[in-house]
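Q: Everything below, folded, please.
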Amino acid sequence: MKNRSHVINLLFMLSLFCVFAVTALLVVILGADVYKEISANMDANHNARVSVAYITQKVRQSGPDSVEIRDLGGSDALVLTQGIEGITYETWIYAQDGSLLEATAQAGDELFGQSITQLESLNIELSEGLLTLSVTDVYGNTHDSALNIKSTGGSL
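A: Residues are numbered from 1 along each chain as shown. Alright, predicted model coming up:
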């Protein structure tokens, strides 16, 4: 009788241990999925915030009369014009091939953009001194921002 009792106790402890091990494994698997999702959301938000902050700062560094929106291959491009020693330079900020790009060149020269961050699309509107930005990150989330360019003038 005592041997049978020991066997039942042993089986109970082994089954309890197996339940514990399976539960621990499920918690680890669920935790990994949650971490992956949180990490992806943080990356998406970071890229969108960096894009909006970068564009906003570039516009603030420029005068209100130097900001234009132009078409670049069917997409909006922000063009900031600056004259240095009689030469006109243009800084183009645009989204292409999943990246936010910036290129600075003399007016009319070919553009070679440098990647700033990942960004799917950039939509820009300029109306009565209000610059409206709408960026779409690589995960499809859209973030909007508005900037009054008449008050920027490089004095902020």
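Q: Which parts of this protein are strands?
A: In the chain, the strands defined using DSSP state E lie at 67-72, 75-84, 87-96, 99-106, 114-118, 121-127, 130-136, 142-148.
Q: Could you export these as CSV, including mean neighbour count?
A: For glycine as for every other residue, the C-beta is placed from the backbone atoms N, C-alpha and C. Converted to CSV, the strands of the chain look like this (neighbours: other Cβ atoms under 10 Å):
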stretch, mean neighbour count
strand 67-72, 15
strand 75-84, 16
strand 87-96, 18
strand 99-106, 18
strand 114-118, 16
strand 121-127, 16
strand 130-136, 18
strand 142-148, 14
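Q: could you dump those strands to JSON lines with mean pLDDT?
A: Below are the strands of the chain laid out as JSON lines (pLDDT from 0 to 100):
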{"stretch": "strand 67-72", "mean pLDDT": "88"}
{"stretch": "strand 75-84", "mean pLDDT": "88"}
{"stretch": "strand 87-96", "mean pLDDT": "90"}
{"stretch": "strand 99-106", "mean pLDDT": "89"}
{"stretch": "strand 114-118", "mean pLDDT": "89"}
{"stretch": "strand 121-127", "mean pLDDT": "90"}
{"stretch": "strand 130-136", "mean pLDDT": "90"}
{"stretch": "strand 142-148", "mean pLDDT": "88"}
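Q: could I get the ones you listed as a markdown table with distance to Val27?
A: Output for those, formatted as a markdown table (distance: least, Cβ to Cβ, whole Å):
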| stretch | distance to Val27 |
| --- | --- |
| strand 67-72 | 50 |
| strand 75-84 | 46 |
| strand 87-96 | 40 |
| strand 99-106 | 38 |
| strand 114-118 | 32 |
| strand 121-127 | 39 |
| strand 130-136 | 35 |
| strand 142-148 | 34 |
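Q: Can you name the residues bridging to Leu131?
A: Taking DSSP bridges as the rule, Leu131 bridges to Leu126, Leu147.
Q: right, and it touches Leu122 too?
A: No: taking Cβ atoms under 8 Å as the definition, Leu131 is not a contact partner of Leu122, at 12.0 Å.
Q: Centroid-nearest residue for this structure?
A: Geometric centre of the chain, nearest residue: Asn47, 1.7 Å, by Cα atoms, centre = their mean.
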